[in-house]
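Trainee: Show me how the following folds:
(one chain, ligands or ions: 2)
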Amino acid sequence: MKKIMLVGETFSGKSSLIQQLSGQRYRPNRAMAVDYYGQFITTPGEFLENRRFYHALITTSADCDILALIQDATRASSLFPPLFGSMFNRQLIGIITKSDSDDANIRRAQIFLNNAGVKDIIVTSCVTKEGLGSLRRLLS
Ligand SMILES: Nc1nc2c(ncn2[C@@H]2O[C@H](COP(=O)(O)OP(=O)(O)OP(=O)(O)O)[C@@H](O)[C@H]2O)c(=O)[nH]1
Ligand SMILES: [Mg+2]
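Mentor: Ligands and ions are numbered 1, 2, ... in the order given. The predicted structure is shown next:
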């Protein structure tokens with residue numbers, strides 16, 4: 001079982017993904033600190049929103065096998081700076097969330113993640129369950 005760390009802005013769907021992938025017992029919560037749950041590590045959106053917390057993300061990433069940058073497909077903006085992913089010496093993937101939403105723009109989200117230095121991207125939805133199988137395979 002590989003450990004995955006989720007980095008994404010507040011409300012991007014990190015907790016919902018963990019709940020889906022871990023078999024529902026996990027209660028989605030507003031992450032206030034780094035949160036460890038089995039093979040999942042989730043980080044507060046604030047760590048991405050304030051650059052002075054980047055060092056905390058880098059230090060925490062030492063505990064994971066895969067680092068996932070989470071981009072909400074409904075958001076018209078992204079907090080990931082160019083080549084953000086290159087700061088981390090870990091396998092890097094991008095996860096696009098909320099693909100089911102009427103407001104989702106997958107192409108836009110892909111561009112945000114590509115700019116952040118991500119090549120492998122999985123499009124997901126906790127509603128239609130799209131992409132969850134691929135994520136499970138990656139983590140097993
Ligand atoms: N339509 C849709 N909504 C989703 C999906 N995933 C999450 N949401 C909604 O998005 C909101 C935020 O989801 P969370 O999983 O709590 O997000 P988070 O990234 O953990 O948020 P913080 O812990 O506050 O940083 C909730 O209202 C979810 O119901 C999805 O796949 N589709
Ligand atoms: Mg959360």
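
Trainee: what does the protein put close to ligand 1?
Mentor: Residues of the chain lying close to ligand 1 (CB under 6 Å from any ligand atom) are 8, 10-16, 28, 30-31, 45, 97-98, 100-101, 125-127. Backbone N, C-alpha and C define where each C-beta goes, glycine included.

Trainee: From these, list the buried ones, please.
Mentor: 8, 12-16, 31, 45, 97-98, 125-126 (16 or more other CB atoms under 10 Å).

Trainee: Could you dump these into CSV and include pLDDT and secondary structure?
Mentor: Listed next are these as CSV, based on pLDDT from 0 to 100; DSSP: H, G, I helix; E, B strand; the rest coil:
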residue, pLDDT, secondary structure
G8, 96, strand
S12, 96, coil
G13, 95, coil
K14, 95, helix
S15, 93, helix
S16, 94, helix
A31, 71, coil
G45, 92, coil
T97, 98, strand
K98, 98, coil
S125, 98, coil
C126, 96, coil
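
Trainee: Max pairwise distance over those: which two?
Mentor: A31 and S125 (20.7 Å; CB to CB).

Trainee: Can you list the residue ranges for helices in this protein?
Mentor: With DSSP state H as the criterion, the chain has helices at 14-21, 46-49, 54-60, 106-115, 132-139.

Trainee: hey, which of those helices is tucked in deepest?
Mentor: helix 14-21 (a mean of 21; mean count of other CB atoms under 10 Å).
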